[in-house]
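S.K.: Sequence and predicted model, in that order:
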Amino acid sequence: MSEKPYHHGHLRDSLIEAGIELINKMGEDGLSLRKVAALCGVSHSAPYSHFKNKDELLHGMQNHVTKMFMQALDSQIDIYSQTEDPETLIQMGKAYVLFFIKQPQYFNFLFSHSSISVNLAMDDDGKDNFPPFELLRQHSFRILKGLGMDDQKIKDAIISMWATVHGLASIATMKNVHYDKSWESKIEDLLRNTQIDSNDRRNSEVPLHVQND
């Protein structure tokens, strides 16, 4: 790994990005403030103006990626925020997958080396849930309630939606998986063709997010 210069005034972000690169290559045991300083080409003491220790750096890395991830999802929600349009959920799913396709280093870090928590039971207030998952939960309940779905079916739909987009993101970021189509142009079709069929009815024409009996 070679030293990488940082832009003036952006040392904190540069240290975070260097830390993500380092942890993806060497694991958490290979992470240190001294090593990220070397990657950024700064003195060993420079990181301490932003992070007291390794744990604080890890926390900063997780928050940094989660914040950008939330911004990508929110950008789609804003388009449909005044409606109950189920299209919101399709576009959220597309944004979910494309975020990691464009920045695959974040997928490995976030789901292999961070301390995120996802409660699939959805039986609490969600304040400790991984924010992107909680965002999906809130908007799914808002939209699917309007379509007449009961709470348990909505929860099942949320798990299916999350499994679909997370699985696609995982596959698309694998170095040993090859796909001769453009993910960016194909991902929406894949999401629209995915169906939830809680009663095993194969003739359902209801897409990913709106199965309702």
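M.R.: Everything's here; your move.
S.K.: Buried residues, the helix or strand of the chain with the lowest mean pLDDT. List them.
M.R.: The weakest-scoring helix or strand in the chain, judged by mean pLDDT, DSSP states H and E, is helix 183-193 (a mean of 88). Counting neighbours by 16 or more other CB atoms under 10 Å, one finds that the buried residues in helix 183-193 are 183, 187, 190-191. No exception for glycine: its C-beta is placed from N, CA and C like everyone else's.
S.K.: tell me how far that helix is from the chain's mean position?
M.R.: Centroid separation for helix 183-193 versus its chain: 17 Å, with CA atoms, centre = their mean, to the nearest Å.
S.K.: Ok, stretch 170-187 next?
M.R.: On CA atoms, centre = their mean, the centre of stretch 170-187 falls 16 Å from that of its chain.
S.K.: end-to-end on it?
M.R.: For stretch 170-187, the first-to-last residue distance is 13 Å (CA to CA, to the nearest Å).
S.K.: so which strand or helix has the residue lying closest to residue 36 once chain neighbours are set aside?
M.R.: Nearest in space to residue 36, with sequence neighbours left out and distances taken as CB to CB, 6 or more residues apart in numbering, is residue 18 at 4.4 Å. Per DSSP states H and E, residue 18 falls inside helix 11-26.
S.K.: Can I get that helix as CSV, trimmed to CA atoms?
M.R.: Taking C-alpha atoms only, helix 11-26 is exported to CSV below (Å, rounded to 0.1, in the frame of the first residue of the first chain):
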residue,chain,number,x,y,z
LEU,A,11,-7.5,14.8,6.8
ARG,A,12,-10.3,13.2,8.9
ASP,A,13,-12.0,11.8,5.8
SER,A,14,-8.7,10.7,4.3
LEU,A,15,-7.8,8.8,7.5
ILE,A,16,-11.2,7.1,7.5
GLU,A,17,-10.9,6.0,3.8
ALA,A,18,-7.3,4.8,4.5
GLY,A,19,-8.6,2.9,7.5
ILE,A,20,-11.3,1.2,5.4
GLU,A,21,-8.7,0.2,2.8
LEU,A,22,-6.5,-1.1,5.5
ILE,A,23,-9.1,-3.1,7.4
ASN,A,24,-10.4,-4.7,4.2
LYS,A,25,-6.9,-5.9,3.3
MET,A,26,-5.5,-6.8,6.7
